[in-house]
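Need a 3D model of the following:
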Amino acid sequence: MADYYEYRHVVGFEETNLVGNVYYVNYLSWQGRCREMFLKERAPGVLGLLRDDLKLFTLKVDCEFFAELTALDDVSVRMRLIELSQTQLEFGFDYHRLAGAAEDLVARGRQRVACMRGPNTRTVPARVPDELVAALSPYVSTTGHGRPG
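Down below sits the predicted model:
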């Protein structure tokens, strides 16, 4: 089993800018999509909590770019858990361009998320759900930057 959760994506023309490379905001969007697909596939009970009163607030995102992606590139977004506290999680994301058996690391990102509960006007910090902690346990980064040691 891989030590990361993988979301695969094919870059669409609408995700590129006038020069023809992927507009930076799409990398951040793919982080969110990867996180959503992880919840759907690995921690579906958390979706019920989100329908109730759990909220996952994104506190911080970043992305460092090493190479450009263009339309119709195949991309693997690989998510790992970097840090876990009682109420927050930090994820690392590696973006790989796939070309047959070859792959190139094209970007690396991070995302910090806080768990909150309550109505929108009075949210309070909440513990990270046990199901989410268990689902993330195979994907813990050993180096703190999203890649295994």
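
Spell out the secondary structure type for the residue most central in space within the chain.
Geometric centre of the chain, nearest residue: Q31, 3.7 Å, by CA atoms, centre = their mean. Secondary structure assignment for Q31 (DSSP: H, G, I helix; E, B strand; the rest coil): helix.

Double-check it against V113; I have them as touching.
No - with contacts counted by CB atoms under 8 Å, Q31 stays clear of V113, the gap being 10.3 Å. C-beta here means a position set from N, CA and C on the backbone, and glycine is covered the same way.

any residues in contact with both of those two?
Residues touching both Q31 and V113 by CB atoms under 8 Å, 6 or more residues apart in numbering: F91.

Neighbours of A134, how many?
Using other CB atoms under 10 Å, A134 has 11 neighbouring residues.

Give me the pLDDT for the residue lying closest to it once chain neighbours are set aside.
Closest residue in space to A134, ignoring its immediate chain neighbours: A43 at 7.9 Å, by CB to CB, 6 or more residues apart in numbering. Note for A43: predicted pLDDT of 98.

what about A43, how many residues close to it?
By other CB under 10 Å, the residues close to A43 number 18.

and it, how far is that from K55?
From A43 across to K55, the span is 15 Å (CB to CB, to the nearest Å).

Then L136?
L136 is 18 Å from K55, by CB to CB.

and what of E64?
Per CB to CB, E64 is found 28 Å from K55.

Who has more neighbours out of those two?
Neighbour tally, E64 and K55, criterion other CB under 10 Å: the higher count belongs to K55, 16 against 10.

And that one, how close does it get to V113?
From K55 across to V113, the span is 10 Å (CB to CB).
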